[in-house]
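>>> From the sequence below, what's the structure:
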Amino acid sequence: TVPPAAGLWPMGKPDVVLKIATRQIQATGQMPYAYVTVNNTLKTNAWLRAAVIRPGNRTVVHHALIFYIKPGSIFQMLADFQAIQGGLNGFYAGYVPGMDQREYPAGTAKFLPAGGTFVFQMHYTPNGKATTDATEMGLYLSPTPPAMELKTGAANSTAIDIPAGARNHRMVAERFFDKAVDIHELSPHMHFRGDSMRFEAFLPDGSSQVLLNVPKYDFNWQALYRLSQPVRLPAGSRIRISGGFDNSRWNPFNPDAKSRVRFGEQTDDEMFIGYINY
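So this is what the prediction gives:
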């Protein structure tokens, strides 16, 4: 088949399109993350075979993470919003540099309860000229319920403290699974100092298995790695992410090798997150 023209939906026309209100983007400097709400227009519960993000202005949209707040009391919805925590523990849909957005793995779909609210976390990087953005999300409905529900979680750590000039600063974090799961996709997330990440599963019987090893992480190409076959983990398993940061002058992407680096949302800060689609 002939691929769609640039700017069109890569998977064809969505069943539902949701669009944020137009945002004003400043010409220079840093912008804090914007959290923009959009109501779910579907009137009944649904299963999605894909949710695709289309940036309105790719020159300034660095990334977009979408969360879903289920309907409930105002207090419950507020608690759910506060639990988002910047995407550290997972998200509903997302767009990051280099990610190939495609249909969810065979036999899976994401559940979408009716009556809730999507929250778009928008990270904008001004490019020298004042402009605007109106990012969209396309929802693709699954005609039948899936064999298994797909969820996105993460292993993460905010205890980041990288000394100035450190060439191989190591970190570790884990995610525990209290139920049996099939692991489908993995995606490392760090910023400019991130240089490698490894995902390893540890099973209750003491055995372990490397799921993914990315020895040369590239911030501009944050790939979503789909396993050729899903890996079943029994209840009580954990996934450990281990990774390295290069804060030295030998890192060509390093904004400032003389600075001590801590956790933060901006790209000259750092993050340590291993996303897991299971």
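>>> Can you show me the helices along the stretch 51-200 of the chain?
Secondary structure of the stretch 51-200 of the chain (DSSP state H, counting those that start in this stretch): helices located at 74-82.
>>> which intervals of it have sub-threshold pLDDT?
Filtered on pLDDT under 70, the stretch 51-200 of the chain yields the residue ranges 73-75, 77, 82-83.
>>> How confident was the prediction at the residue of the chain positioned farthest from its centre?
Most distant from the centre of the chain: Asp205, at 30.6 Å, with distances by CA atoms, centre = their mean. What the model reports as pLDDT for Asp205 is 97.
>>> same thing with the one 4 residues further on?
Each residue has a pLDDT score; the one for Gln209 is 97.
>>> Just give the number of residues close to it.
If you count neighbours by other CB atoms under 10 Å, Gln209 ends up with 14. Yep, even glycine has a C-beta here, placed from its N, CA and C like the rest.
>>> and if you look at Ala21?
If we define neighbours as other CB under 10 Å, then Ala21 has 9 of them.
>>> Mind telling me what element it is part of?
For Ala21, there is no helix or strand it lies in under DSSP states H and E.
>>> So for stretch 21-29, what gets flagged as buried?
Using 16 or more other CB atoms under 10 Å as the test for burial, stretch 21-29 gives Arg23, Ile25.
>>> same question, stretch 250-258
Neighbour-count burial for stretch 250-258, counted by 16+ other CB under 10 Å, picks out Asn251, Asn254, Ala257.
>>> shouldn't the first one be in contact with Ala257?
Yes - between Asn251 and Ala257 a contact is recorded at 7.2 Å, counting by CB atoms under 8 Å.
>>> Can you tell me which residue is spatially central in the protein?
The centre of the chain sits closest to Gly94, judged by CA atoms, centre = their mean, with a distance of 5.2 Å.
>>> which non-adjacent residue is nearest it?
Nearest residue to Gly94, sequence neighbours excluded (CB to CB, 6 or more residues apart in numbering): Leu65, at 4.7 Å.
>>> That's all I had, so thanks and see you.
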